[in-house]
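Novice: quick one: sequence and predicted model below, then my questions.
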Amino acid sequence: MATWPRWINRDDERNLREVAPNVYVGAEYATLTPPDGKPWELVVDFYGSDLRWPSRVRTTARKSMAIPFLDGDNFPAGALTKTVRAVREARKRGPVLIHCQAGLSRSASAAYAFLRRVSRVPHAEALRRVKVCAGFPRVETLASAKSWVETGR
């Protein structure tokens with residue numbers, strides 16, 4: 001049985017870890033290729049308000065999605081539905097990276113929602129897999145993901 005998360009790189013600029021088979025969470029500068037050397041099947045980029053910093057990782061993916069919102073805010077309407085659906089399908093074909101600037105809150109909260117909704121992982125275990133340090137994921141962003149899991153909206 002696998003132990004999650006499976007850390008790939010604990011560097012503060014990468015925070016790359018596998019939280020479920022073929023589902024990785026990381027920071028903006030997560031490795032440009034996944035651990036097995038194949039291209040990312042999907043990169044989901046949760047970026048802040050600064051649209052000047054397009055992700056370098058996104059350029060190495062077969063498919064990418066970019067969803068803007070600020071850390072500490074609630075997920076935008078429809079963002080988790082779109083993300084979880086895309087991750088569920090893409091991970092069947094290859095590795096998926098969900099990332100934000102630091103890999104601590106927005107991406108971790110989206111991965112939490114995926115783990116709860118698709119993999120049916122209980123709250124405490126899902127949180128253990130995505131949490132890197134105290135204070136992250138941010139309470140507001142995680143609460144938004146938890147509410148989406150529980151209500152479906």
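Specialist: Sure thing, it's come through.
Novice: worst-scoring helix or strand of the chain, pLDDT-wise?
Specialist: Here the helix or strand of the chain ranked lowest by mean pLDDT, DSSP states H and E is strand 61-68, holding a mean of 87.
Novice: how about the strands in this protein?
Specialist: Listed in chain order, the strands of the chain (DSSP state E) span residues 6-9, 16-20, 23-26, 40-47, 61-68, 96-99.
Novice: check which helices and strands the last one sits against.
Specialist: Secondary structure elements in contact with strand 96-99, counted by 3 or more CB pairs under 8 Å, 6 or more residues apart in numbering; DSSP states H and E, are strand 23-26, strand 40-47, helix 79-90, helix 106-117. Just so you know, the C-beta spots here come from the backbone N, C-alpha and C atoms, and that holds for glycine as well.
Novice: hmm, Leu42 is touching Lys63, no?
Specialist: Yes - under the criterion of CB atoms under 8 Å, Leu42 makes contact with Lys63 at 4.9 Å.
Novice: more neighbours: which of the two?
Specialist: Leu42 (24 against 15; other CB atoms under 10 Å).
Novice: before we move on, the earlier item: what lines up beside the least confident helix or strand of the chain in the sheet?
Specialist: Using DSSP bridges, strand 61-68 pairs in its sheet with strand 40-47 (parallel).
Novice: tell me the angle of the partner strand relative to helix 79-90?
Specialist: Calculated by axes from the mean of the first three to the mean of the last three CA atoms, to 10 degrees, strand 40-47 forms an angle of 170 degrees with helix 79-90.
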